[in-house]
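# here is my input; please provide its structure:
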Amino acid sequence: MSSKVVYLTLLLDAPLQSWGFASRFQRRTTGLHPTKSGVIGMISAAMGLAKGSQKESEILPQLLRLPMTSIVIPGHKQSTWQDNAEDLPLRRMEDFHTVQHTRRASGTINRDAVITRRQYLLDAHFGVILEGDSVLLEQVASALLDPQWGVWFGRKNCIPAAPIYRGLFTTQNEALRLLIDDVPLEYLTVVTEVDRFDEGTDSIPDQPISFGDDKSSGPDARRFAVRRVKIQPGIRLPAKE
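Numbering: from 1, shown residues only. Prediction:
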């Protein structure tokens, strides 16, 4: 079977999203754009790749080689009383939890209340484009259309509000047009991967090496590498006349 380079286009739309890359213990933060670990984890679930399995070890490296571009797509709220739409800013919400009877690392039960703070993005809309081999991305597309396991945006309570898979295209311009129509890209916040350190603006530890056991220190441990990205903030859209 012959292969070629194609562009897999995804739309991430949900009332709640959470893209953690620096969460520790009781503080679960979220970034302002999708992480590669979150997107690849979602695809791995759709493909039925068990964490730490042989199948994951074979396919995960192929998924990691796919360059990822994410775009913040402004949301709009239609006014009930006026014939216009209002921009919805990207906002964070922090959810405060108290949990009892958690299990310590030693295996004993902690009867004291544990406080956790978990952040979410409200009403976020993102476009994601993965570039790579058509054979692999056709498998990914098929899995997203009929996932083996549940898919979500960072956490299990962040359920998609719209279909995720939006198409395979032969050019990036076609993929962009589907996501943002004719809006110039410079008006939007765009995150791209870079090959050289000096080309990037930030380093994020969201490159999954294995989604294995997060309590293990062996070869089946959960591991991530650092990914260098360029974040291009969008300029403000011109006011509509």
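# show me where pLDDT drops low in the chain?
Within the chain, the stretches with pLDDT under 70 are 1-2, 22-25, 76-88, 212-221, 236-241.
# how about the helices in it?
Applying DSSP state H to the chain gives helices spanning 36-47, 54-64, 134-145, 172-180.
# tell me the most buried of those helices?
helix 36-47 (a mean of 24; mean count of other C-beta atoms under 10 Å). (Each C-beta comes from the backbone N, C-alpha and C, glycine too.)
# from the chain's centroid, how far away is that one?
Here helix 36-47 is found 8 Å from its chain centre; the criterion is C-alpha atoms, centre = their mean, to the nearest Å.
# of all the helices of the chain, which lies closest to E193?
Smallest distance to E193 across the helices of the chain (C-beta to C-beta): 8.1 Å, for helix 36-47.
# what is the closest one packed up against?
helix 54-64, helix 134-145, strand 202-211 (3 or more C-beta pairs under 8 Å, 6 or more residues apart in numbering; DSSP states H and E).
# hang on, L12 packs against I129?
No. Judged on C-beta atoms under 8 Å, L12 makes no contact with I129 at a distance of 11.6 Å.
# who has more neighbours, these two?
L12 (26 against 22; other C-beta atoms under 10 Å).
# residues contacting the spatially closest residue to that one that is not a sequence neighbour?
Excluding the flanking residues, the one nearest L12 by C-beta to C-beta, 6 or more residues apart in numbering is F126, at 4.2 Å. Shown in contact with F126 (C-beta atoms under 8 Å, 6 or more residues apart in numbering): L11, L12, D13, Q17, H33, P34, S70, I71, V72, I73.
# nearest to R27, of the helices and strands packed on helix 36-47?
Closest among those, using C-beta to C-beta: strand 202-211, at 15.6 Å.
# and E193, how far is that from Y120?
25 Å (C-beta to C-beta, to the nearest Å).
# so these two - more neighbours on which side?
Y120 (23 against 18).
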